[in-house]
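Novice: no FASTA, just this:
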């Protein structure tokens, strides 16, 4: 079995594909955040028209309590969704990852503004050295992409639940105002 690394272009393509997955997860997070914003914006814009219904609502009425419960549950689900979105898009710089000549954080920390030192150290690297370096980045970025996708999925589930609760609450409001 050959110990020669694959063509380095293959490693760069794999790394690029994994980095695309992190950007895709961030794009999905933006969609989930936008949906949360639309739901909340509709409620906030129509808040003044809801005041008379709340004022007419008697504390002993089951419908009023259900309305309050559904709105409170909507707010919790929406905040949970936004929390997952924020957690998904927060930077993760792999502090425990092996030192890398391709990761911008390690390059900036290890070389500062000394471009010549970077060129000197990297020009002596073999294809096998570059393959190891790129391989460590591929693994690290894959963990980051997976974490982002998991959190965005949780955010999407939470916003879906919030959407259902929002719809039910407004259905109760419609019934109560009729």
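Specialist: The structure has been received and is ready for your questions. These numbers were taken from a predicted model, which means no experiment stands behind them. Numbers count the residues shown, from 1 in each chain.
Novice: the longest helix along the chain packs against which elements?
Specialist: Secondary structure of the chain per DSSP state H: the longest helix is helix 127-177. On a contact count with 3 or more CB pairs under 8 Å, 6 or more residues apart in numbering; DSSP states H and E, helix 127-177 meets helix 8-45, helix 47-56, helix 62-89. Using the backbone N, CA and C atoms, a C-beta is placed for each residue, glycine as well.
Novice: and it, how far out from the chain middle?
Specialist: Mean C-alpha position of helix 127-177 versus that of the full chain (CA atoms, centre = their mean, to the nearest Å) differs by 5 Å.
Novice: what's the mean pLDDT across that helix?
Specialist: Across helix 127-177, pLDDT averages out at 89.
Novice: picking that back up, give me whichever of the helices and strands packed on helix 127-177 is most buried.
Specialist: With neighbours taken as mean count of other CB atoms under 10 Å, the helices and strands packed on helix 127-177 reach their highest mean count in helix 62-89, at a mean of 17.
Novice: same for the helix or strand that that one is followed by, what does it pack against?
Specialist: Following helix 62-89 in sequence order, the next helix or strand is helix 104-111 (DSSP states H and E). Helices and strands touching helix 104-111, by 3+ CB pairs under 8 Å, 6+ apart, are helix 115-123.
Novice: what angle sits between the helix it packs on and helix 104-111?
Specialist: On the basis of axes from the mean of the first three to the mean of the last three CA atoms, to 10 degrees, helix 115-123 is oriented at 110 degrees to helix 104-111.
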